[in-house]
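Engineer: what follows is a predicted protein model with its sequence.
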Amino acid sequence: MTKSINVAALSGDCPDFERCGADSRVCEDVARLLCIREELRRSFHKPKDVSEHLRIARGITAAILLAYQPDGAEPPVEPISSDLAVEAGVIARNLDVETASYYLGSIYTVLLPSDYRSRHGVFYTPPAVTARLLDMAEKDGIDWSTVRACDPACGGGAFLAPMAARMVRALNGRLPAEIMAHIAGHLRGFELDPFSGWMSQMFLAAVLSPLGQELPQFVVIGDSLGISKEEYDSWDLVIGNPPYGKVKLDTHDREKWSRSLFGHANLYGLFTDLAVHLVAKSGMIAYVTPTSFLGGQYFQALRSLMVSECRPVRIDFLQSRQGIFADVLQETALTVYRRVETRQRGVAVDIVTVTETSSAEIEHLGSFDVPDENGSPWFLPRQSTQVDLLEHIAAMPARLSDLGYEVSTGPLVWNRHKTKLAAAGSKGMVPVVWAECIPSDNSGIFRWKVTGDHFGWFRPRGSDDPNLVEEPCVLLQRTTAVEQRRRLIAAVMPSNFLAQHHQVAVENHVNMIRPIRGQTPKVSLEVVAALLNSEAVDLVFRCINGSVAVSAYEIEAMPMPAAEQLQKLKTLIARRAKRETIEVAVRNMYAVLRTRSAV
């Protein structure tokens, strides 16, 4: 008999572990699986040959799943059994299928080559996240007794098995043969990797074995992006955690997906476009994805597609990325879209706190509009302190360009010019400005320095070298993390530093904010830097950004006070006002109450 688990009650993570009664054995089982996962990871000898590495990782995982489901289908690889593998499979029998599939699947991921795992997006979705997304779809009208549902990137079955379980419960009272036949006609997974597809079938077998019926083939092996058009417009629910990462497309594929492409293609963007093709009229898409699609420039065509074809109706922001998806450096969102003819504007936004070993805690923030035109960024709150802010900035029409400035990236890509870099300067060389020259204390005071393995000097080919900068500008760190106290960290590159060296090389991990050529700026560089270093503008940025990158596109899209309002800030800076006084002035411009922008 399997036991349901409240994943919040895990040994080492639950204060009530000693008193949790019936769940204590479950907690012990999960804790042991975590230990086995770590033991296998540490003891696994990683061959240099990737194909051999994959063979062994899959062989160990196959042995685990055969111990878990002894009557399951033959795996597509030769099992490599061990005491730990057998123990993991046997322990997993004590758990509900959703929990077992996650922890056994996570063992597979830690055994994979890290590059392969990242490139193919092999990350298993924690049970609390899976359950939350299914609940969101259900709340918006999905009926498990009638829905036709598919996962176009089903992996190891993180969504297929739980959906099958919900269908079984919804069809309670029917004959087992009828239930199996119904599910066979209403549930489908598509998967590129035959081994992952086999894993999905194994976990589906665990869910459906009580019916005592022969298990149909639910998973179609092949490239989902090449799915037959016969599948289009035929699914009531398209759900999943699609792979992500930049991908190069040939001319044919760029044309095929052109309606959602702008610049670089990302896999999860393609799978979102695919979902729009697959979903039936009035149907829903429910996806786990990075949040970069909300504001990133490369997703503006995708945003246009979604607001015109399949509008967002509900978005959950996962509060912590730690311990949710290994190696993931982006924030994560659970988004539900509905394919409707009428344009409903409001998007319900919730904050969800969940880790690998916790159940979901939910905070509702409200309903917010997304723009209908031009693929504009979607400004949505990530915390309660941003709710009132969003209402205010909706009425702020000014942007950085209205102040007379534009953003570009530092031109020096250092690893393309290694032979021209040096630790010590000499005649004909110029200093390199790295991100560490911009102090993280948001003081706005530029300090030229070199740390770590960075080189401080660059030898240009001449005074016309495109890597050179000779005008004062605001420097802005181009890579920061959501966990940092501030995402926007800026400083003015002073004129006396340029006067001393005449020209400098600004490294590529730094943004430069400079006057638009041919225009006279309406405010000074110091005012721009003070704005960007303020808590209020940092909060605005967090409403649009979804990755570690601080992009020029997003900075230029942020609402700004009008130049007339900024005259007060100019006066305060001229008087050398305290930072707190400047912070209060900017907060008043954005109608922001005092708060901390740190996550």
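Structural biologist: That came in fine, so what should we check first? Numbers count the residues shown, from 1 in each chain.
Engineer: how about Ala100, what does it touch?
Structural biologist: Under the criterion of CB atoms under 8 Å, 6 or more residues apart in numbering, the contact list for Ala100 reads 68, 92-93, 203, 206. Just so you know, the C-beta spots here come from the backbone N, C-alpha and C atoms, and that holds for glycine as well.
Engineer: where does Ala348 sit, in terms of helix or strand?
Structural biologist: Counting by DSSP states H and E, the element that carries Ala348 is strand 346-353.
Engineer: partner strands of the helix or strand following that strand, with direction?
Structural biologist: The helix or strand immediately downstream of strand 346-353 is strand 361-369, counting by DSSP H and E. Applying DSSP bridges to the sheet, strand 361-369 is found paired with strand 346-353 (antiparallel).
Engineer: now, which of the contacts of Ala100 lie within helices?
Structural biologist: Applying DSSP state H to the contacts of Ala100, the entries found in helices are 68, 92, 203, 206.
Engineer: what's the closest of those to Val340?
Structural biologist: Nearest to Val340, judged by CB to CB, of those is Phe203 at 33.0 Å.
Engineer: now do the contacts for that closest one.
Structural biologist: 97, 100-101, 156-157, 160-161.
Engineer: hey, where'd the helices end up in the stretch 251-400 of the chain?
Structural biologist: In the stretch 251-400 of the chain, the segments counted as helices under DSSP state H, counting those that start in this stretch are 251-256, 267-278, 300-309, 387-393.
Engineer: give me the neighbour count for the residue nearest to Leu261 when sequence neighbours are not counted.
Structural biologist: Distances taken as CB to CB, 6 or more residues apart in numbering put Ala301 closest to Leu261, at 5.7 Å, once the chain neighbours are dropped. Counted with other CB atoms under 10 Å, the neighbours of Ala301 add up to 19.
Engineer: and Pro176, by the same measure?
Structural biologist: The burial count assigned to Pro176 is 14, neighbours taken as other CB under 10 Å.
Engineer: pLDDT score assigned to it?
Structural biologist: According to the model's per-residue confidence, Pro176 sits at a pLDDT of 97.
Engineer: what does Gln383 give?
Structural biologist: At Gln383 the predicted local distance difference test score is 88.
Engineer: surely it meets Asp350?
Structural biologist: No: with contact defined as CB atoms under 8 Å, Gln383 does not count as touching Asp350 (11.6 Å).
Engineer: which neighbours do the two share?
Structural biologist: Counting by CB under 8 Å, 6+ apart, the contacts common to Gln383 and Asp350 are Leu365.
Engineer: mind listing the helices for the stretch 451-599 of the chain?
Structural biologist: Ranges of helices within the stretch 451-599 of the chain are 495-501, 525-532, 535-542, 552-557, 567-574, 579-590, based on DSSP H, counting those that start in this stretch.
Engineer: show residues contacting the shortest one.
Structural biologist: In this structure, residues lying in contact with helix 552-557 by CB under 8 Å, 6+ apart are 295-297, 376-377, 399-401, 406-409, 476, 511, 513, 532, 541, 544-545.
Engineer: thinking again about what came up before, wait, which of the helices of the stretch 451-599 of the chain is closest to Arg174?
Structural biologist: Within the helices of the stretch 451-599 of the chain, the stretch nearest Arg174 is helix 535-542; the backing value is 49.0 Å (CB to CB).
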